[in-house]
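Trainee: Structure, please.
(2 chains)
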There are 2 protein chains.
Amino acid sequence: MKTAPKKSNHPTQLAPRAILPQGWLGTGLAAALKASGAPDMAMVFSERPADAVATFTTNQVCAATVRLDRDRIERLGMTHGVVVNSGQANACTGKPGLADAAEMAAYAGKATGVAPEMFLVCSTGRIGIRLDMAKIRPGIDRLAAALQGGEAGGKAAATGILTTDTRPKHYTATFTTGDGTRCRVTGFAKGAGMIQPNMATMLAFILTDAKVRRGPMQKLFREAVANSFNRITVDGDESTNDSAFLLANGAAGNAEALRPGVPGWEDFATAVRAITRELAKDMVRDGEGAAKFVTVQVTGARSAADAEAAARAVGNSLLVKTSWAGGAPNWGRVMDALGYSAAKVVEEKVDIAYDGLQAVAGGTWAGKTTEAALRKVLAGKEFTLAIDLHLGRGAAEVFACDCTEAYVQINRD
Amino acid sequence: MKTAPKKSNHPTQLAPRAILPQGWLGTGLAAALKASGAPDMAMVFSERPADAVATFTTNQVCAATVRLDRDRIERLGMTHGVVVNSGQANACTGKPGLADAAEMAAYAGKATGVAPEMFLVCSTGRIGIRLDMAKIRPGIDRLAAALQGGEAGGKAAATGILTTDTRPKHYTATFTTGDGTRCRVTGFAKGAGMIQPNMATMLAFILTDAKVRRGPMQKLFREAVANSFNRITVDGDESTNDSAFLLANGAAGNAEALRPGVPGWEDFATAVRAITRELAKDMVRDGEGAAKFVTVQVTGARSAADAEAAARAVGNSLLVKTSWAGGAPNWGRVMDALGYSAAKVVEEKVDIAYDGLQAVAGGTWAGKTTEAALRKVLAGKEFTLAIDLHLGRGAAEVFACDCTEAYVQINRD
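Mentor: From the prediction side, this is the model:
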């Protein structure tokens, strides 16, 4: 189902599994919020309060849950758990929506025996619709009763958060701290493609039993998200509900809280970076109607920001994405997208290669390969599009997918 | 086929016809540049040199023809005509491409008996392919021999520039100057949807027999293009070859060159604005695979720039466009797009209406209409989506179309 990433120099082990770290419980179930009868609620819960950091959508229109979580994480920096529903996004629901989100958290706190403010809330689904609290309350009671640890709990939670994803996405890494404590980091996520009529949202939960200093953890997570979830493009739209959490409960018992300089920190950081990156890639692979996974690499940009702008313009171009779907090496469309990007581009300097086969040299056909050879690359499920702007040292990559008729089909109906 | 625009207060008459103004000749033909045998070359020619202003793509990657034309219009400000081909875009073709463009112009000059630099060139087609000069040279000879005036010449030229457009797009307006001279303005264009593998380009030609002062004409045209061709969105991509020309040959014989303050200037300006606007709308209506035409109006923005950014975000959103294709009043997706636009948006202040039916008040469902009533609006071929941000006096509108499976189909194959 998933391929493990390349081994890093660090001894961190990464497996496509959902084994909850110590002190973490999870579950998921169907509460009839979706007509399909598929799982539509999930919960993760820590037996002790966990240090919490998070990143949220930058959309100016954001869900009640995002407002509530952002406020709690800023004020408290800790949580006992997160309760999740799909079906209704609780976005554009005004003050009643905020009250619903608060009630949902309080109800989860009551059901698990913790303070009302020690729960966070995530919703995903249709914008503009109030939460169906009459179904959510009993759903929470059932979630609290069904919480379990280990792989069973992780799998149930990872499955419970899905909407139109075709498969759960989860990774577990283990590492050892300086005092010999074995720690675990487990992450799971649901996809980023905007889904169904008004269904939306990327949700990601990274849980660990390590004890970690919150300040460095926040900085690490912000950077990890910038290089993973923020580097993917399915349809270029950013949802009202996107949320990613890194929660550390310290149940493993490492003596010294991990921070830069403390043995184990680097392995922890490697695990967080690898898990967020692999989850992000899996989201693109599982993008709505997506048949191809393309890594767009830009080097030689004037700056890192320019490199990212150029890579995004290519990865978001509807014309580039439809040509990938057709398996055509339309490097002209790539040139076109680079040209209208916000990045500085000098046409005569651009080189473009597909999986190492150079198509463009100095802004025009390189004459070093054949269209047939390029078509062979594009016929594959995954390839890398490497662009060198030859203007500086800025580099960036984004993970993109093709745009198929199936995407339009899914989103129009 | 086309509906005439609403009458302005000016007496300018606008008809969906292609009657060439005095002293203008035109034609189009098939020169076998396209395998289909469809017309693939066109020419417009003025018996006397015409004052020339133009706007071109702002893409940093631009065709050899754009470079040549931009240079000539800056240096000379005049031209005798324009020769157009489809099939090859002559973009990303390096120095040989620039030489081809210059040769194409020189050949057209020779065929019509004018200086080599007194011709402009437009190409549209596949990026990265050299012009097929062996076919273009005899094509130019045949074009020069077939030039004719009036409606026959206009229709032939308007048809000759088309690529995957399903119909020609042309308008003619007449007005009278202060000294009683009857003048004509005729415009025709080809569509803006990026077309076929690497086919691209919006081309527009506005021709007049009025004598017009070049400075004000340039300013007028820049503004008219900003409010017409630059307000349309089919797929959000900007081509390497987009070019729009306004050419005035003075053959009508008005004594005083038109400029602000000279009687007739306002009617001329009205004609240019109306023709560019109607051509732009027709391009969207004829967008690739487009079934619906949507005017996205934003008012109450902090600034005009904010209004435009907000309108473009909505008009370019793949999720919004696919929901239009499905006929669903997904105002949540509109809210989402507004939220991630570069415009300042305060969720609680946003109002949204479809053809006057208010769906959203203060950022949430207005409760003033029914989903069924909204669906009826979206079932139509054309509707207006009005968004009031309630933050200021900035206003803008863009013309957008839906995104259908047919769009993906056209662009992947």
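Trainee: What about residue A:303, how many residues nearby?
Mentor: 16 (other Cβ atoms under 10 Å in any protein chain shown). C-beta: built from backbone N, CA, C; applies to glycine.
Trainee: ok, for it, nearest residue in space, not its chain neighbours?
Mentor: residue A:394 (4.4 Å; Cβ to Cβ, 6 or more residues apart in numbering or on different chains).
Trainee: Name all residues that make contact with residue A:24.
Mentor: For residue A:24, the contact set (Cβ atoms under 8 Å, 6 or more residues apart in numbering or on different chains) comprises A:44-47, A:149, A:153, A:186, A:207, A:209, A:249, A:251.
Trainee: ok, now residue A:31?
Mentor: Residues near residue A:31 by Cβ under 8 Å, 6+ apart: A:40-41, A:85, A:135-136, A:138-139, A:142.
Trainee: nearest to chain B, of the residues you listed?
Mentor: Nearest to chain B out of the contacts of residue A:31 is residue A:85 (Cβ to the nearest Cβ; 16.5 Å).
Trainee: tell me how far whichever strand or helix holds the closest one is from the chain's mean position?
Mentor: Using DSSP states H and E, residue A:85 falls within strand A:78-88. Distance of strand A:78-88 from the chain centroid (Cα atoms, centre = their mean, to the nearest Å) equals 16 Å.
Trainee: That one pairs with which strands?
Mentor: strand A:41-56 (antiparallel), strand A:119-126 (parallel) (DSSP bridges).
Trainee: neighbour-wise, which of the contacts of residue A:31 leads?
Mentor: That'd be residue A:85 among the contacts of residue A:31, by other Cβ under 10 Å, with 30 neighbours.
Trainee: Nearest residue to residue A:393 in space, please, no chain neighbours.
Mentor: Leaving aside its sequence neighbours, residue A:393 sits nearest to residue A:300 (Cβ to Cβ, 6+ apart; 7.4 Å).
Trainee: separation between the one you found and chain B?
Mentor: From residue A:300 across to chain B, the span is 15 Å (Cβ to the nearest Cβ, to the nearest Å).
Trainee: can you give me the strands in the stretch 151-300 of chain A?
Mentor: For the stretch 151-300 of chain A, the strands defined by DSSP state E, counting those that start in this stretch occupy A:169-176, A:182-190, A:203-208, A:232-233, A:243-248, A:293-301.
Trainee: tell me what the longest helix anywhere in chain A is packed against?
Mentor: Using DSSP state H, we find that the single longest helix of chain A is helix A:265-285. Where contact means 3 or more Cβ pairs under 8 Å, 6 or more residues apart in numbering or on different chains; DSSP states H and E, helix A:265-285 is packed against strand A:13-15, strand A:169-176, strand A:182-190, strand A:203-208, helix A:214-226, strand A:232-233, strand A:293-301, strand A:394-401.
Trainee: For the ones you listed, which has the smallest mean pLDDT value?
Mentor: Per-stretch mean pLDDT for the helices and strands packed on helix A:265-285 is lowest at strand A:232-233 (a mean of 75).
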